[in-house]
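> Generate a structure from the sequence data that follows.
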Amino acid sequence: MKLVIPMAGRGSRMRPHTWTCPKPLLPIAGKPMLAHVLDVFSELPIEEFVFIVGWLGEQVRDYVMENYEIPAHFVEQTELLGQAHALWLAREYMQGPIFTFFVDTLFFGADFSDLDAPGLDGVIYTKEVADPRRFGAVQVGPDGWATRLIEKPSSLDNKQVMIGLYYFNDGAALAQTCEELMRSGRQTQGEYFESDAVNMMVEQGGHFATREVSRWLDTGKPETTLHANRYLLDNGQDNCDKVHTWRSVLIPPVHVAPDAVIEDSVVGPYVDVGAGARVRNAIVRNSIIDAEAEVEDIFLEGSLIGPKAKVQDRPTRLNVGDAAAVGKEYLVDESWL
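Just a heads-up that it's a prediction; the model follows:
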């Protein structure tokens, strides 16, 4: 069994952070997003991992090779022509049963049993939502098999939406279908979607079941990343009892790196403080402070602070990237204040 993860996108909704860091390596609840994804699959017999990288892909390669002893392959997607195109590029590794997953979401409570059931060509993992129109929905027939995958449906008829996790019992068949999809020019929103490849397989007689997960978290935007951070801190990632601070109060749940410094501050709830970061004379809640960032003399809420950034002064909500400097001390012309 293999796990194929397309992650070549530029992560434009998470700028400015993704100008210098690929989205899968952005921090959340104590470690990169990619680490949480790999944790979810750690109990499955995954024999090979295939990472389809693009923008800043060398950082992904370095992170995986330095932190995991897994059989990994890296495929570069230089033209962002869509998910199906990315999977086709990895065709030499797509033999036998495979999972494909998009790394800007997290899920919990997926049913991985009986994947080798007779007559089952694949599984589309879903989550029921009240309004599916922002997502991709699955239409299911009376026999229980998926009949059509619909990107951004116009109605509320099908409330089971795709979470970006698929299982295929024949990865080579998926790769071949992706090639057929591109050869036919069949696109959605100007790209070759994996959902259209699944639709083509269904049209050719493929049998795909749907299985609902218990929890689905989006991490594609700053506000949803903070929401996912809160969920993870509430569910096992809090390390308040292991953190040493100076004249400070931690309000759980929080995650603080062992070498982070917190002085004269109130931190929490729902704060992730990265390695080497410093928080002084501050009140911080519902925020992610990346490695080696400095936060001082400030009330900070609902913020994403990039690595090595320095912020101070004024109650505020910020979204600043790598090595940014925000505060009165960093302005050349203080008359602006």
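
> Only C-alpha atoms from now on, for both contacts and neighbour counts.
Noted.

> mind giving me the domain split of the protein?
Split into domains by automatic domain parsing, the chain comes to 2-218, 238-336.

> I'd like the average pLDDT over the first one.
For domain 2-218, the per-residue pLDDT values average out at 91.

> Then the last one?
Average pLDDT, domain 238-336: 85.

> Among the domains of the chain, which comes closest to Leu232?
Closest approach to Leu232 among the domains of the chain is made by domain 2-218 (6.2 Å; C-alpha to C-alpha).

> For that closest one, measure first residue to last.
End-to-end distance for domain 2-218, by C-alpha to C-alpha, to the nearest Å: 23 Å.

> sorry, back to before: let me know which of the domains of the chain is tucked in deepest.
domain 238-336 (a mean of 20; mean count of other C-alpha atoms under 10 Å).

> just how off-centre is stretch 55-64 within its chain?
For stretch 55-64, the separation from the chain centroid amounts to 15 Å (computed by C-alpha atoms, centre = their mean, to the nearest Å).

> got the contact list for it?
If you take C-alpha atoms under 8 Å, 6 or more residues apart in numbering as the criterion, stretch 55-64 is touched by 8-10, 20-22, 24-25, 53, 74, 76.

> For those, please prepare JSON lines with the additional fields distance to Phe208 and secondary structure.
Putting these into JSON lines (distance: C-alpha to C-alpha, whole Å; DSSP: H, G, I helix; E, B strand; the rest coil) gives the following:
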{"residue": "Ala8", "distance to Phe208": "26", "secondary structure": "coil"}
{"residue": "Gly9", "distance to Phe208": "27", "secondary structure": "coil"}
{"residue": "Arg10", "distance to Phe208": "31", "secondary structure": "coil"}
{"residue": "Thr20", "distance to Phe208": "39", "secondary structure": "coil"}
{"residue": "Cys21", "distance to Phe208": "36", "secondary structure": "coil"}
{"residue": "Pro22", "distance to Phe208": "32", "secondary structure": "coil"}
{"residue": "Pro24", "distance to Phe208": "28", "secondary structure": "helix"}
{"residue": "Leu25", "distance to Phe208": "32", "secondary structure": "helix"}
{"residue": "Val53", "distance to Phe208": "27", "secondary structure": "strand"}
{"residue": "Phe74", "distance to Phe208": "28", "secondary structure": "strand"}
{"residue": "Glu76", "distance to Phe208": "29", "secondary structure": "strand"}
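
> Adding distance to Thr147 as columns, could you present these in CSV?
Converted to CSV, the contacts of stretch 55-64 look like this (distance: C-alpha to C-alpha, whole Å):
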residue, distance to Thr147
Ala8, 29
Gly9, 29
Arg10, 32
Thr20, 41
Cys21, 39
Pro22, 35
Pro24, 32
Leu25, 35
Val53, 31
Phe74, 33
Glu76, 32
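
> Now the two most distant members of these.
Within these, Thr20 and Phe74 form the most distant pair, 19.8 Å apart (C-alpha to C-alpha).

> show me what contacts the residue nearest to the spatial centre of the chain?
The centre of the chain sits closest to Asp104, judged by C-alpha atoms, centre = their mean, with a distance of 2.3 Å. Asp104 makes contact with 23-24, 33, 218-220, according to C-alpha under 8 Å, 6+ apart.

> what are the ranges of the strands in the stretch 101-250 of the chain?
Remark: strands assigned in the stretch 101-250 of the chain by DSSP state E, counting those that start in this stretch are 105-108, 122-128, 136-140, 146-151, 160-168, 208-212, 215-218, 249-250.

> Let's have these in CSV, adding distance to Glu47.
Converted to CSV, the strands of the stretch 101-250 of the chain look like this (distance: least, C-alpha to C-alpha, whole Å):
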stretch, distance to Glu47
strand 105-108, 21
strand 122-128, 18
strand 136-140, 29
strand 146-151, 28
strand 160-168, 15
strand 208-212, 23
strand 215-218, 25
strand 249-250, 41
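
> mind listing the helices for the stretch 101-250 of the chain?
Assigned by DSSP state H, counting those that start in this stretch, the helices in the stretch 101-250 of the chain fall at 171-184, 194-203, 222-232.

> ok, back up a step: let me have the domains of the chain in JSON lines, adding distance to Ala228 as columns.
As requested, these are exported to JSON lines (distance: least, C-alpha to C-alpha, whole Å):
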{"stretch": "domain 2-218", "distance to Ala228": "6"}
{"stretch": "domain 238-336", "distance to Ala228": "10"}
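
> ok, now which ones touch the residue lying closest to Asn286 once chain neighbours are set aside?
Once flanking residues are discounted, Asn286 sits nearest to Tyr270: 4.6 Å by C-alpha to C-alpha, 6 or more residues apart in numbering. With contact taken as C-alpha under 8 Å, 6+ apart, Tyr270 is in contact with 229-230, 233, 252-254, 285-287.
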